[in-house]
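Asker: the following block contains a protein sequence and its predicted model.
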Amino acid sequence: MGHFEKKLHSQTVFQGYVFTVDRDEVLLENGASTTRDVVRHSGATCIVPLDKDGGVYLVRQFRYAVGEELWELPAGRLEEGEESLETAKRELEEECGLAAAQYTYLQPLYPSVGYSGEVIHLWAAQDLSPVPMHLDEEEFLTPVKLPLEEAVAMVLRGEIRDGKTIAGLLKVRLMRERGLL
């Protein structure tokens, strides 16, 4: 049998626009109990848009929480009742002005397992075509096309530091190398 923790009691201590924080009392496998603070999030989707010439589309976006502009793959939060593929299609259009004829599900990703239950669904998007770009009212970013190999080199040099972007780029690079994508 694997390791476990069992929730005994839960109390919501913060309810925000993007996430909720619960304080849970949990039973440990040794019979003791402890407290876990958990960020509850609706989930998100991250898209790796790949063109036929070996290019990938990233966005430059200022992230307030870290106080800097970052290189990221297009991504967005799941709306209530929305499937991750629909979120992928919506975000690719909104942030990059692109639509894709082919989507490949890559994997679920847990960005911060120590305190968050968030799941980010990674998708590869191929056979791209331009569509009107329409950012959300409070969203400011710039889409940039780079060769996939240059984006991977940026990861290795530490220029790309966003976890979902690192995971998406490296997974796609390895899948292409092995003929899986």
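Answerer: Everything's here; your move.
Asker: please parse this protein into its domains.
Answerer: The chain is divided into the following domains under automatic domain parsing: 5-40, 42-177.
Asker: list the buried residues in the longest helix anywhere in the chain.
Answerer: Of all the elements of type helix in the chain, the one with the most residues (DSSP state H) is helix 163-177. Neighbour-count burial for helix 163-177, counted by 16 or more other C-beta atoms under 10 Å, picks out 164-169, 171-173. No exception for glycine: its C-beta is placed from N, CA and C like everyone else's.
Asker: which two among the residues you listed are spaced furthest apart?
Answerer: When these are compared pair by pair using C-beta to C-beta, the two farthest from each other are Lys164 and Arg173, 14.9 Å apart.
Asker: can you redo the buried residues of helix 163-177 as JSON lines with distance to Glu82?
Answerer: JSON lines is the format used below for these (distance: C-beta to C-beta, whole Å):
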{"residue": "Lys164", "distance to Glu82": "18"}
{"residue": "Thr165", "distance to Glu82": "22"}
{"residue": "Ile166", "distance to Glu82": "25"}
{"residue": "Ala167", "distance to Glu82": "22"}
{"residue": "Gly168", "distance to Glu82": "20"}
{"residue": "Leu169", "distance to Glu82": "25"}
{"residue": "Lys171", "distance to Glu82": "23"}
{"residue": "Val172", "distance to Glu82": "23"}
{"residue": "Arg173", "distance to Glu82": "28"}
